[in-house]
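Engineer: Quick one: sequence plus predicted model below, questions after.
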Amino acid sequence: MSLFRRFLPPLLFLLSACAHAEQSLQLSSELGPSPAAPSSMGFGAALPPVLPAMPDASREVRDELPPIPTIDLTMPPDDLWQRMRNGFSMADLDSPLVADRQAWYLNRPDLLKRIFERSRRYLHHIVVELEKRGMPTELALLPVVESSFNPLAYSSARALGMWQFIPATGKTYKLQQNAWFDQRRDIVASTGAALDYLQTIYEMHGDWHLALASYNWGENAVGRAVEKNRRLGLPTDYAHLKMPTETAYYVPKLQAIKNIIAQPQLFGITLDAIPNRPYFGTVELSSNMDIALAARLAEIPVEEFIALNPAYSRPVMPSAANSPLVLPAEKVQTFLANLQSHEAQDKPLSAWLTHILKPGEKLEGVAKRYGISAVRLKQLNGINARTKVTPGYALLVPGKDATGHDALAARLPQTPASPPKAVKAKPGKAGKPVAKGKSVNVKIRKPAATPQKR
């Protein structure tokens, strides 16, 4: 017993040493021979590896799979369309009406081309404003649905401008409207107001589809429709609400345009690239200025000036409008340099005068005094049968240097005294058209009646 105890510790030590040696040999074989170590251990040949060599897994993946394309969001794309696609974040609407509207647009390639060409002036500004607010950039396509990007569009509901504000909502969002200018047509002011409104109704509903329905139908109407479905135990999302035909088609239209922009090659559409840089810049207006003079100082055609500054209805831009001049970006410095030279020569900024109507004074007498007809005086001042012309009324009249005023005034946009008549919807595949104000349930299989124009 004493002899066993004497040899037990050395025996355990020897067994432990052998185990460590075996582990070291296995590890060395897996890692491969060290360059500094001999290839044999005095036995004339290298020891065979304990485990077979494993293939390089990373090389196998690279050989069999193509590289995954990546988008570097830290570098701004050259094309504004791609910048917009990068910011698409609204949930897609899955509805038969989307396919219906998609086919409608795709069957009118010339219309799409005109709309996208018109949008080049305004799209960069809208995308930038959306990004500042953290809003989905597909909302920049909403003017396609509202106005085809026409800032002069006017609907039967008296909605005006690129974003189609009715008078009451325009006033709520501080868009000035008078005989001299209408900010519902103003590019910068109306865009700011539209995005403010969209933010407000999104926060109200917590859903962009319902916010868009509210933009078209009214937030209170959408709220009542949602509450009705809630009481009935029905889903309260956009696709399950009963709403007017126009509103039922509203989000599908936007979704259809979004789909086309997202993958134009899939639909056989070629989108001309839009440079990802500002199309226009702004200059603050410190005093009244003639439109003709402003265009001349910027060295651009009057038509281009009006397209960027469509709010003005008179040949003079009043500084009281508190709206900056909008000029092509490459012409801002040209305008400022020419303006400085113009003022250095002590030349006036306006050749037009303001005549305050006195008690007992008639329009015919004022017109004769300034050498124009009474009809022309009324036209210059937007006076119609509904206009109340009383003492103290400010009339715009031409000064001695107001040359070419007739030709220019005829080209300036006006707010019509009465809206155009509504266009009746034509029967579609689903049957008779739905009258304006009636509701349809958009959870259908076939397309409903052709949507009415706003």
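Structural biologist: Perfect, thanks for sending it. Keep in mind it's a predicted model, so treat the numbers as computed, not measured.
Engineer: Spatially, what comes nearest to W163 if we skip its sequence neighbours?
Structural biologist: A194 (3.9 Å; C-beta to C-beta, 6 or more residues apart in numbering). In this view, the C-beta of every residue, glycine as well, is placed from N, C-alpha and C.
Engineer: Need the three-state assignment for that neighbour.
Structural biologist: Following DSSP: H, G, I helix; E, B strand; the rest coil, we place A194 in the helix state.
Engineer: right, and it touches F165 too?
Structural biologist: Yes - A194 is within contact range of F165, at 7.5 Å (criterion: C-beta atoms under 8 Å).
Engineer: Give me the common contacts of those two.
Structural biologist: Counting by C-beta atoms under 8 Å, 6 or more residues apart in numbering, no residue touches both A194 and F165.
Engineer: How about the contacts made by the residue nearest to W163?
Structural biologist: So A194 contacts 142, 163, 165 (C-beta under 8 Å, 6+ apart).
Engineer: distance of the residue lying closest to L363 once chain neighbours are set aside from E131?
Structural biologist: The shortest distance from L363 to any non-neighbouring residue, by C-beta to C-beta, 6+ apart, is to A374 (5.3 Å). With distances taken as C-beta to C-beta, to the nearest Å, A374 is found 51 Å from E131.
Engineer: quick one: the residue nearest to Y393 when sequence neighbours are not counted from A385, how far?
Structural biologist: With C-beta to C-beta, 6+ apart as the criterion, Y393 has its nearest non-adjacent residue at 4.4 Å, and that residue is L357. Using C-beta to C-beta, one obtains 17 Å as the distance from L357 to A385.
Engineer: Of those two, give the one with the bigger neighbour count.
Structural biologist: Between L357 and A385, counted using other C-beta atoms under 10 Å, L357 has the larger neighbour count: 17 against 6.
Engineer: For the host helix or strand of G365, name the packing helices and strands.
Structural biologist: Assigned by DSSP states H and E, G365 belongs to helix 363-369. Contact analysis of helix 363-369 by 3 or more C-beta pairs under 8 Å, 6 or more residues apart in numbering; DSSP states H and E lists helix 374-380, strand 394-398 as its packing neighbours.
Engineer: Would you mind listing the buried residues in the longest one?
Structural biologist: Using 16 or more other C-beta atoms under 10 Å as the test for burial, helix 374-380 gives 376-380.
Engineer: tell me which of those residues is nearest to S286?
Structural biologist: Proximity of the buried residues of helix 374-380 to S286 (C-beta to C-beta) peaks at L380, which lies at 24.0 Å.
Engineer: OK, contacts around that closest one?
Structural biologist: Contacts of L380 (C-beta under 8 Å, 6+ apart): 314-315, 372, 396-398, 405, 409.
Engineer: and W352, how many neighbours?
Structural biologist: W352 has 20 nearby residues by other C-beta under 10 Å.
Engineer: What is the neighbour count of the nearest residue to it once chain neighbours are set aside?
Structural biologist: Distance criterion C-beta to C-beta, 6+ apart; nearest residue to W352, sequence neighbours excluded, is V316 at 4.7 Å. Residues near V316, counting by other C-beta under 10 Å, number 24.
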